[in-house]
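Engineer: Need the 3D shape of this:
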Amino acid sequence: MGVRLTSTERDRLLLFGAAELARARRARGLLLNVPEATALIADTVCEAARDGRRLAEAIEAARAVLGTDDVLPGVADVVTEVHVEAVFDDGSRLAVVSDPIGGGSLGDEAPGAVVSGPGYPDPVPEVTLTVRNTASVPVSVTSHFHFFEVNPRLDFDRAAGYGMRLCVPAGSSVRFGPGESADVELVPIGGDRIAIGFAGLVDGALDAPGAKEEALRRAAACGYLGAEPGAGR
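Structural biologist: Numbers count the residues shown, from 1 in each chain. Coordinates of the predicted model:
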């Protein structure tokens with residue numbers, strides 16, 4: 001009987017495979033390129049989480065796995081931050097590994113912390129949504145999860161949450177208790193605006209023609225609250 005994997009599970013296996021290739025090449029004395037280094041750093045976080053280590057400990061482990069002597073020239077200048085969603089004992093958390101190659105000093109800031117100040121402006125919320133948890137259990141959403149694809153039992157205007165994430169510090173989360181309603185502030189997902197994994201409702205470029213309409217259709221077909229036609233609240 002075949003085993004069906006979720007898109008998140010497939011992504012985790014792909015990451016592990018890439019990290020194993022990086023380990024094998026490093027063992028042969030090869031210097032790692034950007035994809036290899038990134039995969040190894042991200043996989044180290046995921047494995048530390050699987051071992052029961054806390055978020056800060058997993059980030060520290062990832063920052064210690066590679067030095068500048070392990071990578072090709074220029075790689076450390078390119079790979080300045082690695083983001084990876086990992087499953088910890090208290091749920092899924094986004095790990096932000098800053099300065100991951102060479103273990104540079106972060107001063108008094110915790111690894112992966114959000115830094116404010118010149119060059120690091122605080123994000124400005126663009127959307128505020130009222131979210132109601134209709135489930136009988138608490139639901140937590142991490143900082144960089146594509147909000148459109150959060151738990152189907154959370155009832156809110158899904159269309160308004162498309163391409164957005166929580167406006168909270170990286171690595172933190174918002175918890176919705178059973179039957180509770182809360183207002184949340186969202187900001188657009190940055191970078192290349194590509195959503196891979198999560199609930200599998202997008203798995204590609206967020207701004208591609210027809211992507212939002214297709215994601216809404218998939219969400220409605222799968223019973224996600226707030227995705228049905230005319231569900232704007």
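Engineer: next SSE after the longest helix belonging to the chain?
Structural biologist: When the chain is parsed with DSSP state H, its longest helix is helix 7-27. Once the chain leaves helix 7-27, the next helix or strand it forms, by DSSP states H and E, is helix 34-50.
Engineer: okay, the angle between that next one and helix 7-27?
Structural biologist: If you take axes from the mean of the first three to the mean of the last three Cα atoms, to 10 degrees, helix 34-50 sits at 120 degrees to helix 7-27.
Engineer: Could you list the buried residues of the helix or strand following helix 34-50?
Structural biologist: Next helix or strand after helix 34-50 toward the C-terminus (DSSP H and E): helix 55-64. Using 16 or more other Cβ atoms under 10 Å as the test for burial, helix 55-64 gives 55, 57-63. Every C-beta, even on glycine, is put in place using the N, C-alpha and C of the backbone.
Engineer: and if you look at stretch 66-82?
Structural biologist: Buried residues in stretch 66-82, counting neighbours by 16+ other Cβ under 10 Å, are found at 66, 70-71, 75-76, 79, 82.
Engineer: what separates the residue nearest the centre of the chain from Thr134, distance-wise?
Structural biologist: Against the mean C-alpha coordinate of the chain, by Cα atoms, centre = their mean, the closest residue is Glu85 at 4.2 Å. Distance, Glu85 to Thr134, by Cβ to Cβ, to the nearest Å: 24 Å.
Engineer: quick one: contacts for Ser143?
Structural biologist: Contacts here follow Cβ atoms under 8 Å, 6 or more residues apart in numbering; on that basis Ser143 touches 94, 165-166, 168-173.
Engineer: how about those in a markdown table, adding neighbour count?
Structural biologist: Output for these, formatted as a markdown table (neighbours: other Cβ atoms under 10 Å):
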| residue | neighbour count |
| --- | --- |
| Leu94 | 20 |
| Arg165 | 23 |
| Leu166 | 22 |
| Val168 | 19 |
| Pro169 | 16 |
| Ala170 | 19 |
| Gly171 | 21 |
| Ser172 | 14 |
| Ser173 | 17 |
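Engineer: any idea which of those is closest to Gly179?
Structural biologist: Gly179 lies nearest to Ser173 out of these, by Cβ to Cβ, at 18.9 Å.
Engineer: Distance of the closest one relative to Phe16?
Structural biologist: Distance, Ser173 to Phe16, by Cβ to Cβ: 24 Å.
Engineer: Kindly report the same for Pro169.
Structural biologist: Distance, Pro169 to Phe16, by Cβ to Cβ: 28 Å.
Engineer: Can you list the low-confidence ranges for the chain?
Structural biologist: Across the chain, the ranges flagged by pLDDT under 70 are 1-2, 103-122, 171, 230-233.
Engineer: Could you single out the nearest of the contacts of Ser143 to Gly191?
Structural biologist: The closest of the contacts of Ser143 to Gly191 turns out to be Arg165 (Cβ to Cβ; 11.1 Å).
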